[in-house]
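J.: how does the following fold in three dimensions:
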Amino acid sequence: MIINNNPGAAMAARVLGESSSALQKSLSRLSSGSKIASPADDAAGTGVAMKFGAQINRIQAAKDNLGNAISYSQTQDGFLQKIGNALDRMSELSMLAQDETKTDSDRALYDKEFQKLDDFVTAIKGKDFNGISLFQGTTVLAVTTSDSGTTMGGAGVTLTGGYWTSVAAASVTNSDNAATALTDVKAAISMLAGARADVGANMSRYESESSALSVQKDNVSAARSRIADVDVAVESANFARQQILVQSGTAMLAQANVLPQSALRLIG
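T.: Below is the predicted model of the structure:
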């Protein structure tokens, strides 16, 4: 029986400290939802989870870029559809102007609408999307399709030169001009059909790439979750265990501190 040292109390205090530390970590994990309360808990896991987190953010950024590219193409197609409606009417006017029962005065009335529709088409050629030309010809937008910065370009759309120049100069003021105008407008309609097909193909590719990125993001997020996210059921059980150990350790430390007092009975 000794007084200067109390090995039992020292051991109880050490075990109580360990249990208290484990309880605090468990509490931190449950309150934060993270399995890694500090980098010391899982040094390698911390690094891997950090890289996965950055990759997830890059994937989302690429998806956002593709979403904007889809909006760009949808805007293109909306204007092309309006141009198509105008060309349909211009071809109709070209046919009506070839009616030999009408005079040039009648045709002049048709030409008024024809020219206004041509002005409408010409105005659309200069439209843009956030300052980027919608009908920029062979210059193609480079859209990011992966978290590594890989890009792809869709088919460009041009509404200048060729048939568009011919249509802009056309008129239906007489029967011969109306016949020429009809030929030019029909050619423009064919060209427009090709342009809309290109835009549709671009949108289909962008949507497919965006869907693939969504799948990748889900899987990378799941991988990161397995490393960093706490299993609440398991950690709750561990928390209850540490609570009991802290309570029992506190009680045993109190008992160990009382033991040296027994020496007083021998002295007294």
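
J.: what's the neighbour count on A13?
T.: Neighbour count for A13, taken as other Cβ atoms under 10 Å: 17. Just so you know, the C-beta spots here come from the backbone N, C-alpha and C atoms, and that holds for glycine as well.

J.: from memory it sits against A254, does it?
T.: No. Applying Cβ atoms under 8 Å, one finds A13 not in contact with A254, separated by 10.8 Å.

J.: contact partners for M203?
T.: I70, S73, Q74, D77 (Cβ atoms under 8 Å, 6 or more residues apart in numbering).

J.: show me how far the one helix or strand it maps to is from its chain's centre.
T.: Assigning secondary structure by DSSP states H and E places M203 in helix 175-228. Mean C-alpha position of helix 175-228 versus that of the full chain (Cα atoms, centre = their mean, to the nearest Å) differs by 17 Å.

J.: and for stretch 211-229?
T.: The answer for stretch 211-229 is 14 Å, by Cα atoms, centre = their mean.

J.: state the mean pLDDT of it.
T.: The average pLDDT within stretch 211-229 is 91.

J.: ditto for stretch 108-115
T.: On average, stretch 108-115 scores 95.

J.: can I get that stretch as CSV, trimmed to CA atoms?
T.: Extracted C-alpha coordinates of stretch 108-115, given in CSV (Å, rounded to 0.1, in the frame of the first residue of the first chain):
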residue,chain,number,x,y,z
ALA,A,108,-46.0,45.3,-107.0
LEU,A,109,-48.3,44.7,-104.1
TYR,A,110,-47.0,41.2,-103.6
ASP,A,111,-43.5,42.6,-103.9
LYS,A,112,-44.1,44.9,-100.9
GLU,A,113,-44.6,41.9,-98.6
PHE,A,114,-41.8,40.0,-100.3
GLN,A,115,-39.3,42.7,-99.6
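
J.: may I see the buried residues of that stretch?
T.: For stretch 108-115, the neighbour count (16 or more other Cβ atoms under 10 Å) marks Y110, D111, F114, Q115 as buried.

J.: ok so M152 is a strand residue?
T.: Yes. M152: assigned to a strand according to DSSP: H, G, I helix; E, B strand; the rest coil.

J.: residue contacts, the residue nearest the centre of the chain?
T.: Central residue of the chain (Cα atoms, centre = their mean): K63, 2.8 Å from the mean position. By Cβ under 8 Å, 6+ apart, the residues touching K63 are S210, L213, S214, K217.

J.: pLDDT weak spots in the stretch 151-268 of the chain?
T.: For the stretch 151-268 of the chain, the stretches with pLDDT under 70 are 263-264, 266-268.

J.: switch to 90 and redo it
T.: The stretch 151-268 of the chain contains residues with pLDDT under 90 at 151-168, 195, 198, 224-268.
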